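In: next one to model:
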Amino acid sequence: MNDTRLKIGVLGGSFQPVHRGHVEMARGARDALELDIVLLVPAREPPHKALPGGATDAQRLAMLRRVCAREPGLRPEDMELCREGPSYTADTLRALRERYPGALLYFVMGEDMLSTFADWHAPDEVAALAELVAFARGEDSDLEAAAEAARAEFGARVTCLPPVGAYSSTEIRERLFAGRPVDALLPSCVDKHIYEEGLYLPEAERALFETVRGRLSAYRFAHTVGVWREAARMAERFGLDGGKARVAALLHDIAKEMREEELRRGGYYPPAMATALLHAPVGAVIAREEFGIEDPDILEAIALHTTGDADCCDLAKLLFAADRAEAGRDRLPLANRETLAKIRAETDLNRAYALALSHNFWYIQSKDLSPAPATLRAMESVGNAQS
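Out: The predicted model follows:
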């Protein structure tokens with residue numbers, strides 16, 4: 001590769017996690033300055049603040065790799081993770097200058113970082129090694145004044161760019177900790193990865209996540225993660241407790257892969273219940289006896305997630321709908337994708353529950369099966385409510 005023609009952008013940060021704002025900045029700099037590469041460089045030890053917890057260095061790098069695989073010209077760079085001591089920008093730019101001796105370097109940042117440029121470690125060296133590229137904060141921007149100060153004091157070359165969307169890694173971590181969805185704030189591949197790896201969770205939920213992962217096959221756990229993710233979205237949309245919704249979703253299929261003789265041991269179900277449905281009431285017993293779940297709504301939601309029922313609690317309706325609407329269902333041969341999309345978009349819980357029951361009933365008929373009495377009661381109840 002001929003380095004003399006390379007124009008390389010450098011975007012550093014904790015990336016805890018990488019969010020849409022980071023991606024918009026990298027894209028914006030790439031397009032505005034016609035950069036060949038934009039390197040996303042996660043810091044091992046940020047010099048200006050403590051590194052927030054929630055994901056390891058390897059996990060942060062994995063999220064960046066997922067993003068960069070989908071974005072032309074963006075590449076993850078782990079040099080700061082491999083370097084001891086504070087992750088100073090001057091050290092990173094110096095190392096890149098050695099690697100690409102003929103390249104033009106552009107250090108990408110937000111307005112708030114440029115406004116504190118004089119307080120950086122070796123700002124004169126940073127200014128000499130790279131052109132500074134700063135995005136305005138928004139309507140209250142004072143970017144030009146910050147750029148002029150950097151030019152006057154350090155001879156910096158500064159390019160000012162218009163604002164991108166306002167996103168906060170702190171807010172994202174807080175939302176995840178509280179069981180709230182973050183898909184509007186993250187690239188979809190990062191949102192998916194966070195749920196697949198159980199990142200940024202309360203300690204008890206993190207332990208539950210790992211236990212469930214160890215109990216289920218990879219296929220069944222992938223479905224559980226899909227329901228867990230969809231349940232968080234629905235809880236936010238329908239005004240229910242996101243933490244309770246996620247616990248119910250994590251445990252809803254805990255008994256799914258038990259053998260029939262194990263499921264029928266103990267008599268925690270109607271005697272005539274079909275084998276395919278037994279894991280729901282047995283799962284509720286396991287949730288109570290093995291995991292110490294006492295919340296009646298969580299236990300009811302797990303027990304009824306295969307059948308539904310009339311007059312069930314709101315959390316049971318949510319879990320029934322989330323189980324049908326999780327993204328993996330679209331790939332199944334027997335899936336009415338139009339109805340599933342409607343469930344995901346529905347803003348009323350009872351209508352979402354009715355749609356999920358309708359899809360479930362259609363599926364039962366397509367398999368030449370008979371619906372459970374509880375399902376018939378549920379269908380009658382939503383029919384009466386809508387009539």
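In: drop to CA atoms for contacts and neighbour counts, all remaining ones
Out: Noted.
In: so where's the stretch 1-150 of the chain uncertain?
Out: Counting by pLDDT under 70, the stretch 1-150 of the chain shows low-confidence ranges at 1-4.
In: which residues in it form helices?
Out: Under the criterion DSSP state H, counting those that start in this stretch, the stretch 1-150 of the chain carries helices at the ranges 20-33, 57-69, 89-99, 111-115, 123-129, 143-154.
In: identify each buried residue in the fourth one, please.
Out: Neighbour-count burial for helix 111-115, with 16 or more other CA atoms under 10 Å as criterion, is recorded at 111-112, 114-115.
In: before we move on, what about the first one?
Out: Under the neighbour-count criterion of 16+ other CA under 10 Å, helix 20-33 has 20-23, 25-30 buried.
In: as CSV, these with distance to A218 would be great.
Out: Formatted as CSV, the entries for the buried residues of helix 20-33 read as follows, by distance: CA to CA, whole Å:
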residue, distance to A218
R20, 29
G21, 32
H22, 31
V23, 30
M25, 36
A26, 34
R27, 35
G28, 38
A29, 39
R30, 38
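In: let me know the closest of the residues you listed to F361.
Out: Ranking those by separation from F361, with CA to CA as the measure, puts R20 on top at 38.9 Å.
In: in contact with the residue nearest to the closest one when sequence neighbours are not counted: list those residues for me.
Out: For R20, the nearest residue in space outside its immediate sequence neighbours is L186; the separation is 5.0 Å by CA to CA, 6 or more residues apart in numbering. Taking CA atoms under 8 Å, 6 or more residues apart in numbering as the criterion, L186 is in contact with 18-20.
In: what about L186, which helix or strand?
Out: In the assignment (DSSP states H and E), L186 maps to no helix and no strand.
In: go on, the one 3 residues further on?
Out: When elements are assigned from DSSP H and E, C189 belongs to helix 188-197.
In: what helices and strands are in contact with that helix?
Out: For helix 188-197, the contact count by 3 or more CA pairs under 8 Å, 6 or more residues apart in numbering; DSSP states H and E identifies helix 57-69, helix 218-238 as packing neighbours.
In: hmm, 6 Å instead?
Out: Using 3 or more CA pairs under 6 Å, 6 or more residues apart in numbering; DSSP states H and E as the contact criterion, no secondary-structure element is in contact with helix 188-197.
In: show me the strands in the protein, by range?
Out: Along the chain, the stretches classed as strands by DSSP state E are 7-13, 37-42, 74-76, 104-110, 131-135, 158-161.
In: in CSV: those strands, plus distance to A207.
Out: As requested, those are exported to CSV (distance: least, CA to CA, whole Å):
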stretch, distance to A207
strand 7-13, 28
strand 37-42, 27
strand 74-76, 30
strand 104-110, 37
strand 131-135, 40
strand 158-161, 44
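In: would you turn those strands into JSON lines with mean neighbour count and distance to K342?
Out: Supplementary listing: the strands of the chain in JSON lines, determined by neighbours: other CA atoms under 10 Å; distance: least, CA to CA, whole Å:
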{"stretch": "strand 7-13", "mean neighbour count": "23", "distance to K342": "38"}
{"stretch": "strand 37-42", "mean neighbour count": "24", "distance to K342": "37"}
{"stretch": "strand 74-76", "mean neighbour count": "22", "distance to K342": "35"}
{"stretch": "strand 104-110", "mean neighbour count": "23", "distance to K342": "39"}
{"stretch": "strand 131-135", "mean neighbour count": "23", "distance to K342": "38"}
{"stretch": "strand 158-161", "mean neighbour count": "18", "distance to K342": "39"}
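In: how far does the helix holding C189 sit from its chain's centre?
Out: Helix 188-197 has its average C-alpha position 4 Å from the chain's average C-alpha position, going by CA atoms, centre = their mean, to the nearest Å.
In: many thanks, we can stop here.
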